[in-house]
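In: Provide a 3D model corresponding to the input given below.
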Amino acid sequence: MLRGLCVPENHEDHHLPIRDSLLLALEYIERHHLFYYSMLNNKGMFYFWQNMQQMMMQGISNQISMDRINQHANKEILVRFLTSASVGVMEWWIMNKMPYSAEEIADEIWLLLERNQVQKEIV
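Out: Predicted structure coming up:
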């Protein structure tokens, strides 16, 4: 359901720029806040976060540049770090009753990803 929303079937190569996918996911979560808030207080949320992390890891891995600031980093560790940070911010956002709009959170997460050379488009 959420995966299909973030990577629409009609999009070429089933990829969107990660910022666009992130915003779509956050807007969906925002519209269904009570469901996700309840899930975070429930063991069933593990499956959701596992899927969210897999989607984020794939997007970040495909779009991160390993030159300049990242040239000496271990890509696998860097991708996992950025994924964990992004998903952690999303969890905080849900658990704190979404004090910012989905667009604001997407912009903040994207800004942090850009600082680590995650590119807007798959190259």
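
In: need the residues that contact the helix ranked longest in the chain.
Out: Ordering each helix of the chain by length in residues (DSSP state H) puts helix 75-95 first. Residues outside helix 75-95 that contact it (Cβ atoms under 8 Å, 6 or more residues apart in numbering) are 22, 26, 29, 33, 36-37, 40, 49, 52-53, 56-57, 60-61, 64, 66, 70, 99-100, 105, 108-109, 112-113, 116, 118. (C-beta placed from N, C-alpha, C; glycine too.)

In: how does it look with 6 Å?
Out: Outside helix 75-95, the residues within contact range by Cβ atoms under 6 Å, 6 or more residues apart in numbering are 36-37, 40, 52-53, 56-57, 60-61, 66, 105, 109, 116.

In: of these, buried ones?
Out: 36-37, 52, 56-57, 60-61, 105, 109, 116 (16 or more other Cβ atoms under 10 Å).

In: with the contacts of helix 75-95 in mind, which one is nearest to residue 74?
Out: residue 66 (9.7 Å; Cβ to Cβ).

In: which SS state does that closest one fall under?
Out: Reduced to three states with DSSP: H, G, I helix; E, B strand; the rest coil, the structure at residue 66 is coil.

In: next one, pLDDT for it please.
Out: Listed pLDDT for residue 66 reads 93.

In: ok, the most far-flung residue of the chain relative to its centre to residue 28 distance?
Out: Here the chain reaches farthest from its C-alpha mean at residue 72, the gap being 24.0 Å by Cα atoms, centre = their mean. For residue 72, the distance to residue 28 (Cβ to Cβ, to the nearest Å) stands at 37 Å.

In: make sure I have this right: the residue farthest from the centre of the chain is in a strand.
Out: No. Checked against three-state DSSP, residue 72 lies outside a strand; its state is coil.
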